[in-house]
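Peer 1: one predicted model, sequence on top.
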Amino acid sequence: MAATIVEAEAGGAGEQPSAPLYARIQGILAGEIQAGLQAGRLRPGDFFTTEKILCQRFAVSAITAKRALDELEAAGQLTRHRGRGTHIAQPRISQELDHFYRFTTHVASQGLEPSWRNRRIALETPAPEVTARLGLRRREKVVAIERLRLVNGEPFFLHTSYVPLALFPGLMDKDHARRSLYEIFATDYQRPPVSCRESYEPVLLHQQEAKLLGVRPRAAGMKLERLTLGGDGRVIEFSSGLLRGDRCRLTVELR
């Protein structure tokens, strides 16, 4: 026999009876997801349920079941793909905006595995915008390093760093496959980054960008631009990249 929403709430849904029906189902399922992840019964990527199963379980319409799943997907707890069903979502990467952010150490601190793939390392004359951001003379060379950063093996952040060659001679020859750029700055050149200015802008991902990040075209993304400064106040890097909108959460603490 199908369980009614009242019977399910008796098990500890935590939602007020006055809440909309879909919201009460959402609350029940959110609690089950959280408990399953904590107990190890569920893992990101696991199949979770279907609209049909929810209709039978709670004796509700397909519209109500779909709305509950839509809300869970919007909250980042589930992912839904046509033909593949509904699955437990990969965790979102929380990024606090009140301190210097380093991808590798920050992701690792959340119990996740960071990695990267180098797509391009080239010596080039940058576009006028990059030249201006770095405060370079016209036609002064930069080293461009394009990387795809991954979390638990899944694409997360596609970005390119532009570094003045005059400040970092020989940078092209460093071990970029196993060493982070900031580690090389600090260890090999004694120019550790000490501060940065970042800007964020919501965007829709174009087809090629979406393909590299493993999402559908026109999916939500976040464009990030960063100016990184060394101890002498000089700009040592300008970077521009795209974050997956379904995997990031930006947090600001205000005082």
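Peer 2: Nice, I can see it.
Peer 1: just the helices in the protein please.
Peer 2: For the chain, the helices defined by DSSP state H cover 5-9, 21-39, 51-58, 62-74, 103-109, 128-134, 181-189, 207-213.
Peer 1: could you export the ones you listed as CSV, including distance to Thr86, mean neighbour count and mean pLDDT?
Peer 2: Every C-beta, even on glycine, is put in place using the N, C-alpha and C of the backbone. What follows is these, written out as CSV (distance: least, C-beta to C-beta, whole Å; neighbours: other C-beta atoms under 10 Å; pLDDT from 0 to 100):
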stretch, distance to Thr86, mean neighbour count, mean pLDDT
helix 5-9, 18, 16, 46
helix 21-39, 10, 18, 89
helix 51-58, 8, 17, 92
helix 62-74, 6, 18, 89
helix 103-109, 26, 15, 71
helix 128-134, 42, 15, 95
helix 181-189, 38, 17, 95
helix 207-213, 21, 15, 94
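Peer 1: out of these, which gets nearest to Thr228?
Peer 2: helix 181-189 (8.2 Å; C-beta to C-beta).
Peer 1: okay, the helices of the chain in a markdown table with distance to Lys174 next?
Peer 2: Shown next, in a markdown table, are these (distance: least, C-beta to C-beta, whole Å):
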| stretch | distance to Lys174 |
| --- | --- |
| helix 5-9 | 58 |
| helix 21-39 | 39 |
| helix 51-58 | 52 |
| helix 62-74 | 42 |
| helix 103-109 | 16 |
| helix 128-134 | 19 |
| helix 181-189 | 5 |
| helix 207-213 | 24 |
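Peer 1: so which of the ones you listed is nearest Ala166?
Peer 2: helix 128-134 (10.1 Å).
Peer 1: which other residues reach that closest one?
Peer 2: Pro126, Arg137, Arg138, Glu140, Val142, Tyr162, Pro164, Leu227, Val235, Phe238 (C-beta atoms under 8 Å, 6 or more residues apart in numbering).
Peer 1: got a pLDDT number for the third one?
Peer 2: Put plainly, it is Arg138. Here the pLDDT value assigned to Arg138 is 91.
Peer 1: quick one: contacts for it?
Peer 2: Arg138 touches Thr131, counting by C-beta under 8 Å, 6+ apart.
Peer 1: and it, how far is that from Thr131?
Peer 2: Counting by C-beta to C-beta, to the nearest Å, the separation of Arg138 from Thr131 is 7 Å.
Peer 1: surely Asp246 meets Ala75?
Peer 2: No - between Asp246 and Ala75 there is no contact under C-beta atoms under 8 Å: 11.0 Å.
Peer 1: who has more neighbours out of these two?
Peer 2: Applying other C-beta atoms under 10 Å to Asp246 and Ala75 shows that Asp246 carries more neighbours, namely 17 against 13.
Peer 1: residue contacts, the more buried one?
Peer 2: Asp246 touches Gly76, Thr79, Ala89, Arg92, Val215, Ala219, Ala220, counting by C-beta under 8 Å, 6+ apart.
Peer 1: which among those residues count as buried?
Peer 2: Thr79, Ala89, Arg92, Val215, Ala219 (16 or more other C-beta atoms under 10 Å).
Peer 1: in terms of contact, does the first one touch Thr86 like I think?
Peer 2: Yes - counting by C-beta under 8 Å, Thr79 touches Thr86, with 7.4 Å between them.
Peer 1: if we can go back for a sec, least confident of the buried ones among the contacts of Asp246?
Peer 2: Among the buried ones among the contacts of Asp246, Arg92 carries the lowest pLDDT, at 70.
Peer 1: can you pull the contacts of that residue?
Peer 2: With contacts defined as C-beta under 8 Å, 6+ apart, Arg92 is in contact with Gly76, Asp246, Arg247, Cys248, Arg249.
Peer 1: ok, back up a step: from the contacts of helix 128-134, which two are the most distant?
Peer 2: Arg138 and Leu227 (19.3 Å).
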